[in-house]
Each structure stands twice: as C-alpha cells, then as structure tokens.
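S.K.: predicted coordinates and the sequence they were generated for:
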Amino acid sequence: MRDNERDRVGSWHAVRVLAAVLVTLTLSLPAAAGSGRVKKRDSAIDFTNDLDKALEQAQADDKPVYLAFGAVWCPVCRRMEEVTLLEPPMQALAKDFIWVFIDIDRKMSLAREWGVEATPTIFLLDPAGNTRRKIVGGASAEELSATLSDFLADLGTEATTGEADETEVFQYTQLTAKPGGFRGKSVCFSHVGYGPLSVRSQSAFQSLRLGILPRTPSTLGRGQQQVRLGATWANTWNVDGGSFDPENGELGPYMLDYESLDANISYAYGLSDIFQIEAEYEQRWRFGGGMDGFIESFHDLFGLGQGGRDEWPRNQTNIFIDPQNGNPPVSLAGGEVSGTFARNLLVTLQHNVTCGTAKWPALSWAATGRYSVGDPGDIEGSKFDVALSAAASRRFGKFYVYLTLGFAWYGGDTAFGLELESTQATVLLAGEWRFKPRMSFVLQYLGSQGVAKDLGVFSDTSNEIVLGWKWEVREAGVLEIGLLENVVSFDNSPDFGVHAAWTQRF
C-alpha cells in the first residue's frame, strides 16, 4: 500500500513538473517569435492609397515616403501586412515616413508607370519625391527596419532624380501571376477571369426592350480600349401544348414561331483605372430562319418531345397571342412581323468600387441609357430606357463566380397593342472554369422578370441558360462561342440558339 502511495506521489510530482515546463515553453514562445507584435487595428503605421496627396504631405512635413506596391494574390505581401509591419522594429519607424500602399489590381496604370515587375516592390522617396532606394520582395522586420534606418541616415546626401541609388532584393512574388494580354488590360484580375458570355435576353417580350448585358467588376485600365463584335441567333417556339391543335384550327392562347438575330458592336474606353465608358449599336431582326429541321432531328435523336413543332410548317414567322380579356387577338404572319424590330444606341458608364480582398469579392456598378433610333418597330411609347446594374465576382482557384443584378425603367409601354410593365428586374449567375491560362468554359443563367401585363406565361420570369467557351486566340483578343438551350421553361424562353463574339483590347 505504501509503495502504491509513493508511486502516486511520484507520478503527481512528474505531472506537475511537466505542466510547469509546458507553461514555461508556452509563455516563452511569443518572446522568441513576435514578442511585442501589435494587432493590426492598433498599428501606428497608417497607409494611404493616394500617392499625389502623400507626396504633397511629404514636402509639407519634410518626411520621406515609403511607397509599396502589392496585390491581393501575393502571399509575401500578406505576410508583410500581417507580420512584418506589426513588429516593434517597424512600429518604431511609424512617424518617420509617409506610408503609401498601392494595390496593383486596382491601380494598374500607376504600377506600370513605376515599372513594377514583382510584388511587393517598395520605393523609398525623399521629401522632394525623388526615388532613393528600391526594395523588391518581403524582408523580415529586422532586415526591413535596418534598411529604412540606413535610408534615413543617408537622407542628407545629394538626391537623385531618376533611378533608385540602390536595389535590395528579398523574397518576392513574380508577376507571372499578373496576366498579360486580355486580362492584363483591365483592373481586378485577381477575382475576374474572362467573364460571362455577352448575351442579352432573347425571350419574346424581354428582347423587345433594353436588356442587361452581363458585366464583370473589372474596368479597363486608364487609356485602354476595347472593341466587341457579337451576334446571337435564336429560335423561338412557344405554344400551349394542352390546346395547340392546328389540324382542327386551334392555336391555343398563344403561338410564337420565328427566329431572331441580335447583332451588336461596341467601343469602350478606360477613363481611369476605375471608370470606363462604352458606346454600343444594337440591331435585332426577326425572320423564318432555318433551324426547325435541325431542332426536330435533335429531339428525335434523343427521344425528346417536339412540343407541337411537327404539327406546323417549318421555318415560318408567326405571332399569335389571344389576351383572353375581351380584346382582339394579335395575329401577325410573314412580312407583317419579319425584318428589323429594334435599332438601338446605348451608352454605359461603369465604375469599379473595389477589387475585393483575399476573402471578399470585387464589386462594380454601371448605368446604361438606351435610345431607339428609326422606326420604333414593335414598341410604342418613349424611345428612352435607363438601367442600373451591380456586378460581383469571386475567384476560387481556377473557378470564378459572377453575379449581376439589374433594374431597368422603360419608356415604351405597349407592344403589338399589348400593355407592358414599366420596369424589369434581372439576375445573372455565372460560373467560369479557366482550365487553361487562355481558355475557359462558362455556364450562366439569366432570369428576367416578366414584362407583359396580365398575359399568362408572358407575365412570368423568363429563364435562359447558356453554355459557352472562351479562348484568347491572340494577344488581348478573345473569341467566345455559346449555346442557348431551353432546359428550365418552355413557355417564355427561346428554344435554342447560338452565340458568337470577338472582343479585342488594345
């Protein structure tokens, strides 16, 4: 018994000794690494992103400037921000410099002007704004503070007006992560790939008026330009399957049978790294087309129903809508409804709000005005439309997710004598898989609020899905090809379509 008690006492003593050792080691670890490191919110180093104001302040206060270029995707930059700059040796220098940080994602033109080729890149400027030293890469707090202290000691020497007197190179992230070509001519490339396909709504009533064009939060860099040529050819076949019986002269409450072509050309210019303006001309045609045979064969091949297609002559142009409210039906065929039904001039101003962070998405907003030129076509009322949209995007490795929300106010209030809503909300959700550096697959969904008043299925939301592919064929030139397929709703959406566009930046 006594031996057992002695063993227990010895065991408890060993436990107490081990616990004391662990506590001592735990308490000593911060002292060995990061002792005295402040929290980010308590940092005495206060960065600005306005270089011009910083240079003015430097002259007024007779202080040198610490100018750092970094990026969200740069791991060395994050360590500098979260560790190095919070250590005591760096905090002690907080009042000796004017501190400037430039996100090259959002101020790409400025980074180009300074010849930044890696991140982080730090320039040490004297109070007059002359570059005295250049530091490439992220150093430890001790290394960086020693370099800054030496710089302060040398400030009394004669200043230079061109290249840095000295360049020190530490661990850095090469700008191979910064794209050249197409994506390198716009900001926010960290969270933006090649973007969604440039397809507006092709649904029957939605296509009559201003539709939201999918956009990314990435605006062109200052002075950069972009030209886009695009076309979408869609087949529309909308009937009520329960009452469509043409052999007995019954078309049901509606029958839409036609094809349409939506062609557009646009020019965009980067006013600054965060503002761009775009002018566009769009024209839409309606005709009989030639897709019906292909679509019927495709349905037969996969055992899909024809939805009444095989009961009606192919490649016709017909619009029949019975509002069933006491008003006469709309019945147009052939030449009555074929030809151009919309010619529009559009101007869009887009502003990048943020390029996001390691966790948060990039954001932008855009305002678009549309004026209908020439014959108003199917629409009666004012020729002016206005729309606002907001776009967000987030990168997850090789995948990008895009969200665009839009709201439009319309001047035209009737089509074919049928009353239309004065507003429309839209939502676009897209996913991009950039499986190669210059190539992506894109899948996107566009939901557009119904615009016809009290008109059955045409008052419901239209659902359009597009699957496409983007390829940067040449420097800053991207080809996109897409397929529209009606897999969600057969009543208020195009049945099938093809899309192609070429976008060139320079």
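M.R.: That came in fine, so what should we check first?
S.K.: flag every buried residue along the helix or strand containing Ala146.
M.R.: Assigned by DSSP states H and E, Ala146 falls within helix 141-153. For helix 141-153, burial by neighbour count (16 or more other Cβ atoms under 10 Å) applies to Ala141, Leu144, Ser145, Thr147, Leu148, Phe151. Quick note: C-beta positions are derived from backbone N, CA and C, even for glycine.
S.K.: make a markdown table out of those residues and add pLDDT and distance to Leu229.
M.R.: Output for these, formatted as a markdown table (pLDDT from 0 to 100; distance: Cβ to Cβ, whole Å):
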| residue | pLDDT | distance to Leu229 |
| --- | --- | --- |
| Ala141 | 91 | 53 |
| Leu144 | 92 | 50 |
| Ser145 | 93 | 55 |
| Thr147 | 91 | 52 |
| Leu148 | 93 | 52 |
| Phe151 | 92 | 52 |
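S.K.: name the nearest of those relative to Thr216.
M.R.: Taking Cβ to Cβ as the measure, Leu144 is the one of the buried residues of helix 141-153 closest to Thr216, at 36.0 Å.
S.K.: now do the contacts for the closest one.
M.R.: Contacts for Leu144 (Cβ atoms under 8 Å, 6 or more residues apart in numbering) come out as Thr84, Pro89, Met90, Ile135.
S.K.: pretty sure the third one sits in a strand.
M.R.: This means Met90. No. Under DSSP: H, G, I helix; E, B strand; the rest coil, Met90 sits outside any strand and is assigned helix.
S.K.: surely it and Met80 touch.
M.R.: No. In this structure Met90 lies outside contact range of Met80 using Cβ atoms under 8 Å: 9.5 Å.
S.K.: who has more neighbours out of these two?
M.R.: Per other Cβ atoms under 10 Å, whichever of Met90 and Met80 has more neighbours is Met80, with 27 against 23.
S.K.: quick one: contacts for the more buried one?
M.R.: Residues in contact with Met80 (Cβ under 8 Å, 6+ apart) are Ala68, Gly70, Pro120, Gly138.
S.K.: just the element for it, please.
M.R.: Judged by DSSP H and E, Met80 forms part of helix 75-82.
S.K.: for that helix, buried residues please.
M.R.: Using 16+ other Cβ under 10 Å as the test for burial, helix 75-82 gives Val76, Cys77, Arg78, Met80, Glu81.
S.K.: just the residues you listed now: which is nearest Arg228?
M.R.: Among the buried residues of helix 75-82, and counting by Cβ to Cβ, the member closest to Arg228 is Cys77, at 33.4 Å.
S.K.: re earlier: could you dump the buried residues of helix 141-153 into JSON lines with distance to Gly195 added?
M.R.: Shown next, in JSON lines, are the buried residues of helix 141-153 (distance: Cβ to Cβ, whole Å):
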{"residue": "Ala141", "distance to Gly195": "40"}
{"residue": "Leu144", "distance to Gly195": "38"}
{"residue": "Ser145", "distance to Gly195": "43"}
{"residue": "Thr147", "distance to Gly195": "41"}
{"residue": "Leu148", "distance to Gly195": "41"}
{"residue": "Phe151", "distance to Gly195": "43"}
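S.K.: so for stretch 443-463, first residue to last residue, what's the gap.
M.R.: Start-to-end span of stretch 443-463 (Cα to Cα, to the nearest Å) is 13 Å.
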